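Asker: Output the structure for:
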Amino acid sequence: MTLLQTAVILCWATCVAGLAAYAASVAREITYVTLADGRRTARSIPLVFRLLLPFAPNLARLAAGPGFAKTRRLADEMIVASGLEGLLTGVEFCALKILVPLVFGTAWACGVMLLWAMFPESPVATCGPLLCLSGFLLAYAYPPIWLRSTMRKRHLAILRSLPFVLDLLTLSVEAGMDFMSALQRNCEQRHVDPLNEELIHMVREIQVGTPRRQALVNMSNRVRQPDLRGVVNALVQADELGVSIGSILRIQSDQMRDRRFDRAEKLANETPVKMLGPLMLCIFPAVLAILLGPLLMQAARTLF
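Answerer: The predicted structure follows:
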């Protein structure tokens, strides 16, 4: 091995060690968001994003341009709905959509080409360009897929908490408390979950002077969850028409419970269909192998 080869290997080893140390230090960091009442709660974003976020300002001018206007607006809405406000912005997300394929797609392509050079007769040589292109496409599609998945998880958590919160508010209002006192008591007594975070935000908006109807509409626009939007619309209409909040909460609570049972029944009916695939692909061949394996081995010994 020549001196030049040794120097190249040492340089590459130093670069890899430095990148590993940087990734380890970033992975140990804990990210928080500040709630409306001043409390902080942990939020996790992928390590890929945390590694590249310090470099996002370099592409801020491009990401803030008119070409990314629609993507930036949708990203801002989804970031707020996902509870990541304060950790990411639409401009940073658009910059990450460029950086992730640029960095990790290039790294993937370099790895494929290295395997191609080391094993020219392997299948990688025949489908190398396709693998490189697929790496870039997957890296480009990862940020929006992750953001949609995070928003769906938050919506599911809100959907699971909503019937219980409506029951508590209904009992409190029917026991004689006014709606705002019931909301504040719920926010103070319950643990912090996605729905409670949004209710805390709404209560703080009302306390600083925002009308109750507008605060409810703001919460609905922030979260963008259909069931919560239906509850908010019913409360706004009740406030406008002067209908008792307790009766509206009771109706919405019953409807949410019925929809919850309907969803559970639907999932239960879908279970046999979903089990059919693993049954046919995994369990059925394994049973055949266990039953027919000894017979096939005996037949092979007889013939050969």
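Asker: from here on, contacts and neighbour counts on C-alpha atoms
Answerer: OK.
Asker: what separates the residue lying closest to Phe93 once chain neighbours are set aside from Met280, distance-wise?
Answerer: Leaving out its chain neighbours, the residue that sits closest to Phe93 by CA to CA, 6 or more residues apart in numbering is Ala75, at 6.9 Å. As judged by CA to CA, to the nearest Å, Ala75 and Met280 stand 40 Å apart.
Asker: Tell me which of those two has more neighbours.
Answerer: Neighbours were counted for Ala75 and for Met280 using other CA atoms under 10 Å; Ala75 has more, 22 against 11.
Asker: Centroid-nearest residue for the chain?
Answerer: Nearest to the mean C-alpha position of the chain, by CA atoms, centre = their mean, lies Thr150 at 1.3 Å.
Asker: Show me the contact partners of the helix or strand containing Gly18.
Answerer: Gly18 is part of helix 3-27 when elements are defined by DSSP states H and E. Contacts with helix 3-27, where a contact means CA atoms under 8 Å, 6 or more residues apart in numbering, come from 47, 50-51.
Asker: Stretch 98-105 now?
Answerer: So stretch 98-105 is contacted by 48-49, 52, 56, 132, 135-140 (CA under 8 Å, 6+ apart).
Asker: Using CSV, list the CA coordinates for that stretch.
Answerer: The C-alpha trace of stretch 98-105 is given here as CSV (Å, rounded to 0.1, in the frame of the first residue of the first chain):
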residue,chain,number,x,y,z
ILE,A,98,-33.9,20.0,-1.1
LEU,A,99,-31.2,19.0,1.3
VAL,A,100,-32.4,15.5,2.1
PRO,A,101,-32.2,14.1,-1.4
LEU,A,102,-29.1,16.2,-2.1
VAL,A,103,-27.1,14.8,0.8
PHE,A,104,-28.6,11.3,1.5
GLY,A,105,-29.5,10.7,-2.2
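Asker: List the buried residues for it?
Answerer: Neighbour counts over stretch 98-105 (16 or more other CA atoms under 10 Å) mark 98-101, 104-105 as buried.
Asker: which helix of the chain spans the most residues?
Answerer: For the chain, the helix reaching the highest residue count under DSSP state H is reported as helix 128-174.
Asker: After that helix, which helix or strand is next?
Answerer: helix 179-189.
Asker: returning to what we had before: right, and the pair among the contacts of stretch 98-105 with maximum separation?
Answerer: Greatest spacing in those, by CA to CA: Ala56 and Cys132 (24.0 Å).
Asker: on that earlier part again, from the contacts of helix 3-27, which single one is nearest Ala215?
Answerer: Closest approach between the contacts of helix 3-27 and Ala215, by CA to CA: Arg50, at 32.8 Å.
Asker: what's next to the helix or strand encompassing that closest one, contact-wise?
Answerer: According to DSSP H and E, Arg50 maps onto helix 47-52. With CA under 8 Å, 6+ apart as the test, helix 47-52 has contacts from 23, 26-27, 96, 99-100.
Asker: can you list the domains in this protein?
Answerer: Listed by automatic domain parsing, the domain ranges of the chain are 45-155, 158-260.
Asker: Dump those domains into a markdown table; add mean pLDDT and distance to Leu276 as well.
Answerer: Below are the domains of the chain laid out as a markdown table (pLDDT from 0 to 100; distance: least, CA to CA, whole Å):
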| stretch | mean pLDDT | distance to Leu276 |
| --- | --- | --- |
| domain 45-155 | 84 | 26 |
| domain 158-260 | 86 | 25 |
